[in-house]
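Student: I'd like to go over a predicted model; first the sequence, then the structure.
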Amino acid sequence: MALSRFVSSAAALWLMICAATAHEVLPSIADLSDENGVLTMDVRLNIEGLVAGIDLSAVSDTNEAPQAASYDELRALGPAELERRFRAFWPTMAANITLDADGTALTPELTALQIPETGDREITRISKITFRAALPSGATTVRVGWIAAYGALVIRQMGVDKPYDGYLEGGQTSEPIALAGGGQKGALETFLRYCAVGFDHILPKGLDHVLFVLGLFFLAARLKPLFWQVSAFTVAHTVTLALSSLGYVSVPATIVEPVIALSIVYVAVENIFSDKLMRWRPVVVFGFGLLHGLGFASVLGEFGLPDATFVSALIGFNVGVEIGQLTVIAIAFALVGYWFGGRHWYRSAISIPASSFIALVGAYWFLERTVL
């Protein structure tokens, strides 16, 4: 009975994974500056998702959206045609942007648009738009935001001392940003903000990292073997996350992502052939943890770390990742380990089928990231 329920659940999850392999939803990044009384925002973003009408706050991959076919059509367009489509869409977007100075609403004007060539359609294309608005005389602060459907927005103030930087979830509006600078977040605020970003990268967005952690869990639903594995993994990805963020290590995603998929396959396959923690397993897990750390670093690379509170941001992100991983383990233990971990049939009815499924998904991801 337990095996039957597991197989049906695994089949449903497999269909979900296969349906979500197209384009990752990334936060938009806005550089804000004030020059001679004109507010300028240079925004790097995924134009296709906006024009297609996808609610970018509700999905982590564009294939999950009802407008996936429209998105793929736009993704295939060359720069000139996509620019035409976006300029037609701009009045709608402008109306959904919150922009005010000292409480006075501003009207954004699109002044520049840069769209890369089509390239690999399986990779999210990041374009750049520039819009401006004249500031009222004597304005001291501005607020920025847009509707939830446009997704997360990173704001980085440029050209001032102690610049503001913020991560806004879709639908949020920034606090008043001092045009003269001085709005830089303190260490504690930065820590808490990046802690949330790290957790979000595991739950709900880090399905590959979740499956790796579950692969560690299913070896044996007991705390001692799990402790040594998770400890090795934590130390390793902390090291490479720090080194990569500091610029000492850089490995292309074309190498990191397939190897992360292979790490999932490895731990799952070893679960099938071994019922106890082998001496070499923590060492191997440590090695894979180094690569997962590079994967985590790529997330931070999307919107960078603030210079003045770099350490707080880095530690916060890492703590958020750990909380996410521990949450995965806690849920797995509550659903499986507590009830079934000591049963004589645990390995044959739960551990081996679960690990087989995880290995299958990891193998699929490896092929997708290399040859498909």
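Tutor: Cool, the structure landed. Nothing here was measured: the structure is a model prediction, and the numbers come from that model.
Student: tally of neighbours for residue 154?
Tutor: For residue 154, the neighbour count with other C-beta atoms under 10 Å is 20. (Glycine included, C-beta is placed from N, CA and C.)
Student: for residue 247, same thing?
Tutor: By other C-beta under 10 Å, neighbour count at residue 247 equals 7.
Student: so it: helix, strand or coil?
Tutor: Assigned with DSSP: H, G, I helix; E, B strand; the rest coil, residue 247 falls in the coil class.
Student: okay, it: pLDDT?
Tutor: Here the pLDDT value assigned to residue 247 is 77.
Student: residue 160 now?
Tutor: The model's pLDDT for residue 160 equals 90.
Student: how about it: what's its closest non-neighbour residue?
Tutor: residue 181 (3.0 Å; C-beta to C-beta, 6 or more residues apart in numbering).
Student: now residue 97
Tutor: Per C-beta to C-beta, 6+ apart, closest to residue 97 is residue 146, 4.8 Å.
Student: the helices in the stretch 151-300 of the chain, which residues?
Tutor: 187-202, 207-218, 223-245, 253-273, 281-303 (DSSP state H, counting those that start in this stretch).
Student: who are the packing partners of the last one?
Tutor: By that I understand helix 281-303. helix 187-202, helix 207-218, helix 223-245, helix 253-273, helix 310-332 (3 or more C-beta pairs under 8 Å, 6 or more residues apart in numbering; DSSP states H and E).
Student: those helices: lowest mean pLDDT?
Tutor: Mean pLDDT, when computed for each of the helices and strands packed on helix 281-303, is lowest for helix 223-245, at a mean of 82.
Student: buried sites along that helix?
Tutor: 225-226, 229-230, 232-234, 236-238, 240-245 (16 or more other C-beta atoms under 10 Å).
Student: report all helices and strands that it contacts.
Tutor: Helix 223-245 packs on helix 207-218, helix 281-303, helix 310-332, going by 3+ C-beta pairs under 8 Å, 6+ apart.
Student: what lies in contact with it?
Tutor: If you take C-beta atoms under 8 Å, 6 or more residues apart in numbering as the criterion, helix 223-245 is touched by 212-213, 216-217, 219-220, 249-251, 276-277, 281-283, 285-294, 296-297, 300, 305, 310, 314, 317-318, 321-322, 325, 329.
Student: separate out the buried members of those.
Tutor: Applying 16+ other C-beta under 10 Å to the contacts of helix 223-245 flags 212-213, 216-217, 219-220, 249, 251, 277, 281-282, 285-286, 288-294, 296-297, 300, 305, 314, 317-318, 321-322, 325, 329 as buried.
Student: what secondary structure does residue 57 sit in?
Tutor: coil.
Student: pretty sure it contacts residue 169?
Tutor: Yes. Under the criterion of C-beta atoms under 8 Å, residue 57 is in contact with residue 169, at a separation of 7.0 Å.
Student: which neighbours do these two share?
Tutor: 148, 152.
Student: report the contact partners of the residue lying closest to residue 115 once chain neighbours are set aside.
Tutor: Nearest residue to residue 115 in three dimensions, chain neighbours excluded: residue 79, at 4.0 Å (C-beta to C-beta, 6+ apart). Residues near residue 79 by C-beta under 8 Å, 6+ apart: 115, 116, 117, 118.
Student: element containing residue 142?
Tutor: strand 141-146 (DSSP states H and E).
Student: using PDB, write down the CA coordinates of that strand.
Tutor: Output of strand 141-146 as PDB, limited to C-alpha atoms (Å, rounded to 0.1, in the frame of the first residue of the first chain):
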ATOM      1  CA  THR A 141      13.100  61.100  -2.100                       C
ATOM      2  CA  VAL A 142      11.600  58.700  -4.600                       C
ATOM      3  CA  ARG A 143       9.600  55.500  -4.300                       C
ATOM      4  CA  VAL A 144       9.700  52.700  -6.900                       C
ATOM      5  CA  GLY A 145       7.700  49.600  -7.500                       C
ATOM      6  CA  TRP A 146       5.500  47.700  -9.900                       C
END
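Student: for the helices and strands packed on helix 281-303, give me CSV that also has distance to residue 162.
Tutor: Formatted as CSV, the helices and strands packed on helix 281-303 follow (distance: least, C-beta to C-beta, whole Å):
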stretch, distance to residue 162
helix 187-202, 13
helix 207-218, 34
helix 223-245, 21
helix 253-273, 33
helix 310-332, 14
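Student: closest to residue 367 out of those helices?
Tutor: Closest to residue 367 of these is helix 253-273 (C-beta to C-beta; 8.4 Å).
Student: and for residue 168, the neighbour number?
Tutor: Neighbour tally, residue 168, other C-beta under 10 Å: 20.
Student: contacting residues for it?
Tutor: Applying C-beta under 8 Å, 6+ apart, the residues contacting residue 168 are 144, 145, 152, 153, 154, 155, 174.
Student: in a markdown table: those residues, plus distance to residue 98.
Tutor: Formatted as a markdown table, the contacts of residue 168 follow (distance: C-beta to C-beta, whole Å):
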| residue | distance to residue 98 |
| --- | --- |
| 144 | 7 |
| 145 | 4 |
| 152 | 15 |
| 153 | 10 |
| 154 | 16 |
| 155 | 12 |
| 174 | 9 |
